[in-house]
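J.: I'd like to go over a predicted model; first the sequence, then the structure.
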Amino acid sequence: MFKKLRTLTVTAAIPVLLLSYIISQIDIQRYNIVATIDILTKRPAPREIPNPPSSKEFLVRSAPVIDDATFTQEDVSRTIQKAVNNVLKGFKGDEYFEFNSYLGPNFVAAYYVVQKFLGHQGTEFDPHTKLDEKVLYKLLSTTQYPDGSWANVIDGSVNFGDIDTTVYNYWALKVMGEPLDSPMMASARRFILSKGGLRHTNCLSRYWQTFFGNIKWSENIYIPLFIFGDNIFSRILNFEGRVAQWVYPHVLPITYSTYFQVQKDLGSRFDLLELLPENADKPLDDPIYAERPAASLKDISHKGEADESVLKVIRRMLRNQQPGGSFGGYTVSTLFGIIAYDDFIRRYPESQYVDEIKQRIKKGYEFIEMMYFDNEAEYMGNLCNGRSWETILSGIALTEAGYEGPELVKAANYLAKKQRKNGGIPYGVDFEYASDFDDTAETVIFWSAFKGNKDFERRIDEANQLLFEIQNNDGGFAAFDRERQGFKPIEFVTAAFSDAAEIWDPSCSDVTGHVLEGFGEAGLNYTHPVVKKGIEYLINTQKPNGGWEARWGNNYIYAFGAVIPGLKKVGYNLNQPWIRKSVSWVLQHQNLDGGFGESPLSYKSDKWCGVGISTPSQTAWALLGLLEIKRADVMDVGNSVERAIQYLINEMDREGKWEDKSVVGTGHRGFLMMMYLTYPHTWPLMAMSRYQRYFGEGEVELENTVVGNDIPTNIIEKITGTMEAVKPSN
């Protein structure tokens, strides 16, 4: 009895000791402990999700309703030929493919405002920005929804945006001098207040506001410096080694800024008092809105070197900054890093790290400027470069189509140069430090097309060896790391971040499906222990409706297009009840125009699963699965395949290319979506080519393929000119 009581006492003492240690490390004068505990224990409030319309009529835009397919073999060949030409337009530098991606102009709007905060123009850190205020103004002023909101990217199934994007854009327009009583600003303000006001934005949005004093530091999450120290607790916590790859580069500079409560008063133009609910009824001529100049910059300099606890964070930041200048490959983390660096050299001008940090600030700006303005997605918020991923998909698509031009060998060799020592392939520029398992698996598929090439065969073996090693315990595969699926102490610390970013890198059906397909291309089958475990993961994670939730694309349709081809490639018998259940679900969600679509709202509500306007990419994903089912004669799929092919032919004939009119990719599921410009060029070409091989007349003759001159330089005019076309009627 005594021994049992002693065990219980020791067990109960552990969390008390940990909490005591944490409190002992906190600077009591610097932080509001009560507010901190409140923030850490508070979960983001759920946001209202509208129901999808009861009729599918709203899902039809310019595409005609398709009851029966009427295309000919010539139509299929012509469409594939055009698609190949469009993919080849993305071949750059004589070695890789690149079309770019984006997450929204609101990130450029934030960059515009933060440049004012940093005040580096005309100094040794001048970014020589290409940002044209007039261009940004036009983009923002022409993409506002009727309710006053903005969306980071277009979801063609709804006609409203979100509070965070709207705050960013409102703020930038105010700084530009847009009158607060203009219709654009008044409607945006009404929308923001209807959603709870400034404090109801997500964690990252509130951090940006805190730098300007619009939100108090005590209202934000507290990240203590000692988490990144050399103490026992930090080693047990192992923050860098437990969270997802994309979290650490953002949290490091935020930790520094939180500690020093970095803030400047730039005057009334940067205030957002009118977005606080307590001021909602105040007229715009109220004294609290009176014009106020910027306050003088405070002298924060200290003699000598910074404390070791601060230097440990700074050294981690320096190690994390990549050769291209980014923090981990992302523009947002890089901008947070520049703010922290700028404060440090002002605070500790005698530090041994000042000279190096000055160079790092310049490199950081170079990366951001390149991403935001030096590509086809200029001004649209290109947050991370996916050059390897886009090269892989382009190479596979061209290979599937039977193209044999020199671009394929050059692309395959480019990926060989990018392969890491552990066999993995990075996502893109400045991601060379991290293997992306999805990229690695898809590269195996691409390299497998070069039969007999000993170098590629060796590289495939190395890539697969890595994939064998990083399989999670549940049998699934994640994006960047093994077993980063949760850790209770960090879950507690990062709770307030969950409305702005995914903290973990879990197993997911889409990556698992792609890995299985790669294994199959390399000659492995369903009896292999790793493959068998992956199949068990898919069985165990199937939803009651028959589908799987995907991590990196919208959503159940993307998962279907990854899982079914993967199972087929490893020789798994598709004639199984659980497979037929998934097929039945997909067939129920084909749109009237023959295509498939799914709103990102499906991550928030099951009612939106499989519901959305048709896009070429999502139609292709559905096709990739249905083609294997039809070919294996697992079950009757009716004319669903032919109707989907007809949709793709119609879209190509009307546009001259495939283009997604609604977002199909994810950054962070449910609240930050990502538009991949590569996807509509590549995935539909894969699907059309497989249809041609399986049910047509073999490969299309591509000897006369020529790359046209109409290569787009940017998409701003397209976005602003077609905004109304993608908004559903009220």
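T.: Good, I have the coordinates.
J.: show me where pLDDT drops low in the stretch 1-150 of the chain?
T.: Where the stretch 1-150 of the chain drops to pLDDT under 70, the residues are 1-47, 54-63.
J.: again, only using 50
T.: For the stretch 1-150 of the chain, the stretches flagged by pLDDT under 50 are 10, 29.
J.: could you list every residue that touches the residue nearest to V563 when sequence neighbours are not counted?
T.: In space, and not counting its chain neighbours, V563 is closest to G513: 4.1 Å by C-beta to C-beta, 6 or more residues apart in numbering. Placement of C-beta: from N, CA and C, glycine included. When contacts are counted by C-beta atoms under 8 Å, 6 or more residues apart in numbering, G513 is found next to L538, A559, A562, V563, I564, P565, G566, L567.
J.: redo that, cut-off 10 Å
T.: Residues counted as contacts of G513 (C-beta atoms under 10 Å, 6 or more residues apart in numbering) are 438, 441, 476-477, 534, 538, 548, 550, 558-567, 569, 624-625.
J.: what's the answer for D633, then?
T.: When contacts are counted by C-beta under 10 Å, 6+ apart, D633 touches L574, N575.
J.: and it, how far is that from Y694?
T.: Relative to Y694, D633 is positioned 12 Å away (C-beta to C-beta, to the nearest Å).
J.: still on that earlier bit, just the contacts of G513: which are in helices?
T.: Within these, residues falling in helices by DSSP state H are 438, 441, 534, 538, 558-567, 569, 624-625.
J.: Buried ones among these?
T.: 438, 441, 534, 538, 558-567, 569, 624-625 (16 or more other C-beta atoms under 10 Å).
J.: so what's V135 closest to, chain neighbours aside?
T.: Nearest in space to V135, with sequence neighbours left out and distances taken as C-beta to C-beta, 6+ apart, is Y379 at 6.2 Å.
J.: cool, A463 as well?
T.: Spatially, and ignoring its direct neighbours in sequence, A463 is nearest to G423 (4.6 Å; C-beta to C-beta, 6+ apart).
J.: go on, F97?
T.: Using C-beta to C-beta, 6+ apart and skipping the chain neighbours, the partner closest in space to F97 is S394 (3.7 Å).
J.: now L524
T.: V531 (5.6 Å).
J.: What separation do you get for the residue nearest to F97 and R387?
T.: S394 sits 11 Å away from R387, going by C-beta to C-beta.
J.: Counting neighbours, go ahead and name the busier of these two.
T.: Shown here are S394 and R387; by other C-beta atoms under 10 Å, S394 has more neighbours (26 against 23).
J.: Which helix or strand contains that one?
T.: Assigned by DSSP states H and E, S394 belongs to helix 387-401.
J.: Who are the packing partners of that helix?
T.: Secondary-structure packing of helix 387-401 (3 or more C-beta pairs under 10 Å, 6 or more residues apart in numbering; DSSP states H and E): helix 73-88, strand 91-92, strand 96-97, helix 406-418, helix 437-447, strand 672-676, helix 679-695.
J.: how about a cut-off of 7 Å?
T.: Where contact means 3 or more C-beta pairs under 7 Å, 6 or more residues apart in numbering; DSSP states H and E, helix 387-401 is packed against helix 73-88, strand 96-97, helix 406-418, helix 437-447, helix 679-695.
J.: Now do the contacts for the closest residue to W171 other than its chain neighbours.
T.: Closest residue to W171 apart from its sequence neighbours, by C-beta to C-beta, 6+ apart: V113 at 5.8 Å. For V113, the contacting residues are W171, A172, V175, by C-beta atoms under 7 Å, 6 or more residues apart in numbering.
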